[in-house]
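K.L.:
what follows is a predicted protein model with its sequence.
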Amino acid sequence: MKLYMFEHCSLCFRVRMIAALKRRHLQETVVLDDDTETMVSLVGKLRTDTRRYVAELLPDLEAIDRLIERPLAINGTLSLDDVRVLPLLRSLTVVKGLRLPQKVRNYFESMMSRIGYQPLPAV
C-alpha cells in the first residue's frame, strides 16, 4: 500500500501507526509543502504565544495522564483511543519546552517504540 503524506500530519500518522501495529508494509512518500513563506509565518505566530498555549494545554494533558492504564494502551488494551491520542501527542512533541506528565510520557515513548517511529524534532 502506498501512502502520500505530510510528515507533520497527525492524520497521516494514524495510518502509519495502524499499519505498524498490524505489521503491514506501507510505501511512504513524503509530500513536501512548497508554500514555505506561509508555513514560516504561521510557525512564527504559534511561537509568539507558545507559553500561553502550553499553559492552556497542561490541564488536558494531566487529565489524559490520569486516564492511562498501561504504557502500551490507554485503556489497558489497544483501542481507537490510542489511534486518536498518539498522533496528537506526536504532533505536540514539536513544541520546544513542553513537558509531558509522567504517564503520558511513558505511554508516548512506549507506543512510539512499539510502532518503530521517532518523535518529531522540537522547534
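P.N.:
Structure's in. What do you need?
K.L.:
next up, the contacts around the closest residue to Leu67 other than its chain neighbours.
P.N.:
Nearest non-adjacent residue to Leu67, counting by Cβ to Cβ, 6 or more residues apart in numbering: Ile74, 6.2 Å away. (C-beta placed from N, C-alpha, C; glycine too.) Counting by Cβ atoms under 8 Å, 6 or more residues apart in numbering, Ile74 touches 64, 67-68, 81-82, 85, 107.
K.L.:
rerun that using 10 Å as the cut-off
P.N.:
Neighbouring residues of Ile74 by Cβ atoms under 10 Å, 6 or more residues apart in numbering: 64, 67-68, 80-82, 84-86, 103-104, 107, 111.
K.L.:
and which of the residues you listed is nearest Tyr4?
P.N.:
When those are compared for distance to Tyr4 (Cβ to Cβ), Leu86 wins out at 20.9 Å.
K.L.:
burial measure for that closest one, as a count.
P.N.:
As a burial measure, the neighbour count of Leu86 was computed by other Cβ atoms under 10 Å and equals 22.
K.L.:
re earlier: narrow the contacts of Ile74 to those that are buried.
P.N.:
Neighbour counting by 16 or more other Cβ atoms under 10 Å classes 64, 68, 82, 85-86, 103-104, 107, 111 among the contacts of Ile74 as buried.
K.L.:
narrow these to those in helices?
P.N.:
In helices, judged by DSSP state H, the following of the buried ones among the contacts of Ile74 are found: 64, 82, 85-86, 103-104, 107, 111.
K.L.:
ok, which stretches of the chain are strands?
P.N.:
Per DSSP state E, the chain carries strands over the ranges 2-5, 27-30.
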